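Asks: after the sequence you'll find the predicted model.
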Amino acid sequence: MARSLGELAVRFGCELIGDPAVIIERVATLANAGPGHLSFFANRAYRNELRATKASAVILCPGDAGDCPANTLLADDPYLVYARVAAELHPDPDVRPGIHPSAVVDETACLAAGAEICANVTIAADVRIGNGAYIAPGVVIGPRCQVGDGTRLLPNVTLVQDVVIGRRCIIHSGAVIGSDGFGNARSKSGWVKVPQVGGVSIGDDVEIGANSTIDRGAIDDTVIEEGVRIDNLVQIAHNVKIGAHTAMAALSGVSGSTVIGKRCMLAGQAGIVGHINICDDVIVGGATMISKDITAPGFYTGSFPGEPDRDWKRKVARFRKLEELSRRVTDLEKRQKDQDD
Amino acid sequence: MARSLGELAVRFGCELIGDPAVIIERVATLANAGPGHLSFFANRAYRNELRATKASAVILCPGDAGDCPANTLLADDPYLVYARVAAELHPDPDVRPGIHPSAVVDETACLAAGAEICANVTIAADVRIGNGAYIAPGVVIGPRCQVGDGTRLLPNVTLVQDVVIGRRCIIHSGAVIGSDGFGNARSKSGWVKVPQVGGVSIGDDVEIGANSTIDRGAIDDTVIEEGVRIDNLVQIAHNVKIGAHTAMAALSGVSGSTVIGKRCMLAGQAGIVGHINICDDVIVGGATMISKDITAPGFYTGSFPGEPDRDWKRKVARFRKLEELSRRVTDLEKRQKDQDD
Amino acid sequence: MARSLGELAVRFGCELIGDPAVIIERVATLANAGPGHLSFFANRAYRNELRATKASAVILCPGDAGDCPANTLLADDPYLVYARVAAELHPDPDVRPGIHPSAVVDETACLAAGAEICANVTIAADVRIGNGAYIAPGVVIGPRCQVGDGTRLLPNVTLVQDVVIGRRCIIHSGAVIGSDGFGNARSKSGWVKVPQVGGVSIGDDVEIGANSTIDRGAIDDTVIEEGVRIDNLVQIAHNVKIGAHTAMAALSGVSGSTVIGKRCMLAGQAGIVGHINICDDVIVGGATMISKDITAPGFYTGSFPGEPDRDWKRKVARFRKLEELSRRVTDLEKRQKDQDD
């Protein structure tokens, strides 16, 4: 989807320094760009790459233009403008409406004429698929699921049942949505399964990563609001509610019935225990476990960075003797007091 | 599967306070229940919801009946009785015996006449599927696997090979059972794969979560005993043995050759190193790593709860100076001693 | 694939103590071996099992031969020799060249005549599959992927697009390679997806575990060099580079744009933050988070082992009062100084 630099400048509202007739064919990194390539500069660590780039054009902040040997598109937020330009240059492949002959579709399913149903897909009873939706090979859609207009289910995704997904979502390969939550009641003879009868409700413009899992509600629905971004291998337990525009990085997890606010960010391997509330605008650091309600926006952490094993082991040994150290200080204080008296 | 309240009371041995003729159609939460709905009360945090509920009936402890505006079923363990009543009201869908024409079944496989094999399933040589088993769309069952009576494999599950599963199990979507364990011998030119030739043996009434992975044994089998409950995204390495009725929450993992006892519970993101033994009735807290044998039942933890980043960073800085602090206390003690002498 | 002990001794360069005519049919553990079985002894913890073994032969170090009641193959590294002998006795099943009629293959795909394409596979446009490759049931291979000679994709693997895999690799079930990286630019109205246009490049002799995820690069490729071993449920984010012969255990993860050196080892649940460099020959302990560059080879840790909850809670309480303890020591020091003056 080649575009002239002039077209891009007008379309994305950037001041252009350079030749508007240059044709841009694709994006590239500063280091590897060549003719016809567009790059961006948003991280000072790459200033040397900027100075040496062979890109045909670079998106950057006005203050950085002096370091750029190429045509420039000026933007206050170069990464954001880059995201939009890249989507123009590299659009999603067109949806080719129709149902592949190898797909197995229940006769009660209602598929929009503009949807693409690929090979080896299985669609169960009472499913609805919106216009412009793309259902990739190997996807299984269970009973009573709904997929909104323009939503893309990538290969081998499973919607187990009673999953309602909004418009323009992307569900990456291997994700499982609508699986039973982990509900077990204890009896004398072992665990008794608590039937899971809720569904999953996912808003518009949500992206869910590869091999992530989102359980159906125990009774009411598990809810993912609009604009949420979930990375790979993330676990969302039953009855959880994730507020709009919250982002969760890989290998993080939220236990059952917890409510997370809007615009939160969870770093990788973060974990949130069950039955708590996290307010809006909370950031949780990597490998941090949150075990209580959070009622004030801000940045929360609780993990130690790794260090050479010998140093760490010494610190841990000291930590184990903290009680003893504290007693020694108390002794010293007593003696001091005795002396003072 | 509507039932009268009287039927439910008799069937599940509850005292009924109210009208036995009321028809119950489904379960609901206290807050969202309406006519024909049954709820339960087992967590004091929801007492206001109990007082205001519009449910037709509520299962609760005798002591809580005074707060309930609806018909009540009295039970000493309301959650356990709820689990059983919910299973009565919301049974699994019936198995529809037969083999979908799109399924590909090896001629040496032996499928019970009462099993349901869904669309786009692939079944390899020497597989045995029991009566009443349900094999959902997209499932792949590799050579020499056995699936017990009444067991359900949900969409896109993979049994790689030599996996024997008992009766009435549920394997959730995307789970992979019987993959090669992580066995590598070091050589001068890099890793040499250690062939994995064992299988996986799973008892009756086991539930395994979505996208979890259970490796085949290196030589003998990996073993999951009866009644075990495994949540989503859990890793069980080769040669592990999980004792009966143990439960493991999401994103937890057990490394190779470790033996875990009966009735243990691992919280989310817990990790157990390899080649150790955990006795019966051990509970491991969230995000806790267990690195040595545990020989006494009880609750084990080792993780810090997250807190505001500034507070945490100060604590970590102090932690890093523990050795120095300890030296300062030793100095003080010496001087004190010098003074005393 | 039965072999005489004499054949094995010659082929793998071991001194044989015993009868070269004994036929070995399979491997077994010391404890469970019987006639026709070969075992190995490499861990002193199993010396009693060695003394009692009923194996027909055992691979062990020369110094341990005295404890072995069976025929022995002497080797300096018994585990490595075991790995090679086991591969001889238990070879991968033969590839049966051909395309199953239920597979759906795009007409532009180029499949070597010696490749096996199993049931319910879907192969997209411009895919190339090498000779001796095995593509198991349920695999989906997206556009422009390449699979090298002798590589095995196990059931329900997904290569999303633009994934190039070398020769003799094994990709275990449910792994997803080539999914979009987690790229999001912030705007006033929420996250804007940053198109991911790179691919994934995987060297020869790589093994990737079940349900692991490897994202495509944002612009350039994500790179996994030759001989890398990745366990189950591992996350590799976009633009990451993993050096040759590095091994990563289950539930570990590497965030975007991080470069990991050669021959590194990450234990289970380890996490590496984004945009950093880890040099060659680094070992990272279990559940350890690495947050900065590592420039010296060695062993790095940062996790606490779990312990009885009561003990741990006391330590955590002391840790929380470290600042106070430090102040008390400072006070004591001041007073001491006042006394000295």
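Replies: Great, that's in hand.

Asks: does A:Gln269 count as helix, strand or coil?
Replies: coil (DSSP: H, G, I helix; E, B strand; the rest coil).

Asks: ok, for A:Ile23, nearest residue in space, not its chain neighbours?
Replies: What sits nearest to A:Ile23 in space, not counting adjacent residues and going by C-beta to C-beta, 6 or more residues apart in numbering or on different chains, is A:Ala2, at 5.3 Å. Yep, even glycine has a C-beta here, placed from its N, CA and C like the rest.

Asks: can you list contacts of the helix or strand containing A:Glu323?
Replies: If you go by DSSP states H and E, A:Glu323 is part of helix A:322-340. Where contact means C-beta atoms under 8 Å, 6 or more residues apart in numbering or on different chains, the residues beyond helix A:322-340 that reach it are A:318, B:322, B:325-326, B:329, B:332-333, B:336, B:339, C:314-315, C:318-319, C:321-322, C:325, C:328-329, C:332, C:335-336, C:339.

Asks: just the buried residues of that helix, please?
Replies: Within helix A:322-340, the residues that qualify as buried are A:Leu322, A:Leu325, A:Ser326, A:Arg328, A:Val329, A:Leu332, A:Glu333, A:Arg335, A:Gln336, counting by 16 or more other C-beta atoms under 10 Å in any protein chain shown.

Asks: quick one: average pLDDT of it?
Replies: Averaged over helix A:322-340, pLDDT sits at 89.

Asks: the inter-axis angle of it versus helix B:322-340?
Replies: Between helix A:322-340 and helix B:322-340, the angle comes out at 30 degrees (axes from the mean of the first three to the mean of the last three C-alpha atoms, to 10 degrees).

Asks: please name the nearest non-neighbouring residue to whichever residue of the stretch 201-341 of chain A sits closest to chain B.
Replies: Going by C-beta to the nearest C-beta, chain B is nearest to A:Gly302 of the stretch 201-341 of chain A, at 3.5 Å. For A:Gly302, ignoring the flanking residues on the chain, the nearest one in space by C-beta to C-beta, 6+ apart is B:Gly306 at 3.5 Å.

Asks: quick check: that neighbour touching A:Ile290?
Replies: Yes. With contact defined as C-beta atoms under 8 Å, B:Gly306 counts as touching A:Ile290 (4.7 Å).

Asks: now the common contact residues for these two.
Replies: In contact with both B:Gly306 and A:Ile290: A:Val284, A:Tyr300, A:Gly302, using C-beta under 8 Å, 6+ apart.

Asks: which intervals of the stretch 51-200 of chain A have sub-threshold pLDDT?
Replies: The stretch 51-200 of chain A contains no residues with pLDDT under 70.

Asks: can you list the residues of it near chain C?
Replies: A:77, A:79-80, A:82-84, A:86-87, A:89-90, A:100, A:102, A:118-120, A:136-138, A:154-156, A:170, A:172-174 (C-beta under 8 Å from any C-beta of the partner chain).

Asks: give me that answer again for 7 Å
Replies: By the rule C-beta under 7 Å from any C-beta of the partner chain, the part of the stretch 51-200 of chain A lying against chain C is A:79-80, A:83-84, A:86-87, A:90, A:102, A:119-120, A:137-138, A:154-156, A:172-174.

Asks: circling back: quick one: which of the shared contacts of B:Gly306 and A:Ile290 is nearest B:Val127?
Replies: Comparing these against B:Val127 with C-beta to C-beta places A:Val284 closest, at 44.6 Å.

Asks: pLDDT wise, what is that closest one at?
Replies: Note on A:Val284: pLDDT of 98.

Asks: and the helix or strand containing A:Leu38, which strands flank it?
Replies: According to DSSP H and E, A:Leu38 maps onto strand A:37-40. Within its sheet, strand A:37-40 is paired with strand A:26-27 (parallel), strand A:57-60 (parallel), according to DSSP bridges.

Asks: let's have the buried residues of helix A:322-340 in a markdown table, adding distance to A:Leu266.
Replies: Formatted as a markdown table, the buried residues of helix A:322-340 follow (distance: C-beta to C-beta, whole Å):
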| residue | distance to A:Leu266 |
| --- | --- |
| A:Leu322 | 30 |
| A:Leu325 | 35 |
| A:Ser326 | 34 |
| A:Arg328 | 40 |
| A:Val329 | 38 |
| A:Leu332 | 44 |
| A:Glu333 | 43 |
| A:Arg335 | 49 |
| A:Gln336 | 47 |
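
Asks: point me to the residue of the stretch 201-341 of chain A nearest chain C.
Replies: Counting by C-beta to the nearest C-beta, the stretch 201-341 of chain A gets nearest to chain C through A:Gly306 (3.5 Å).

Asks: that residue and C:Val316, how far apart?
Replies: 20 Å (C-beta to C-beta, to the nearest Å).

Asks: please identify which of the two sits among more neighbours.
Replies: A:Gly306 (24 against 17; other C-beta atoms under 10 Å in any protein chain shown).

Asks: let me see the contact set for that one.
Replies: C:Val284, C:Thr288, C:Met289, C:Ile290, C:Tyr300, C:Thr301, C:Gly302 (C-beta atoms under 7 Å, 6 or more residues apart in numbering or on different chains).

Asks: quick one: the helices in chain A?
Replies: Ranges of helices within chain A are A:5-12, A:47-52, A:78-89, A:309-320, A:322-340, based on DSSP state H.

Asks: of the ones you listed, which approaches A:Gly166 most closely?
Replies: helix A:78-89 (19.1 Å).

Asks: residues contacting the closest one, please?
Replies: A:1, A:3, A:8, A:12, A:14, A:24, A:26-27, A:38, A:40-42, A:59-61, A:73, A:75, C:185-187, C:192-195, C:197.
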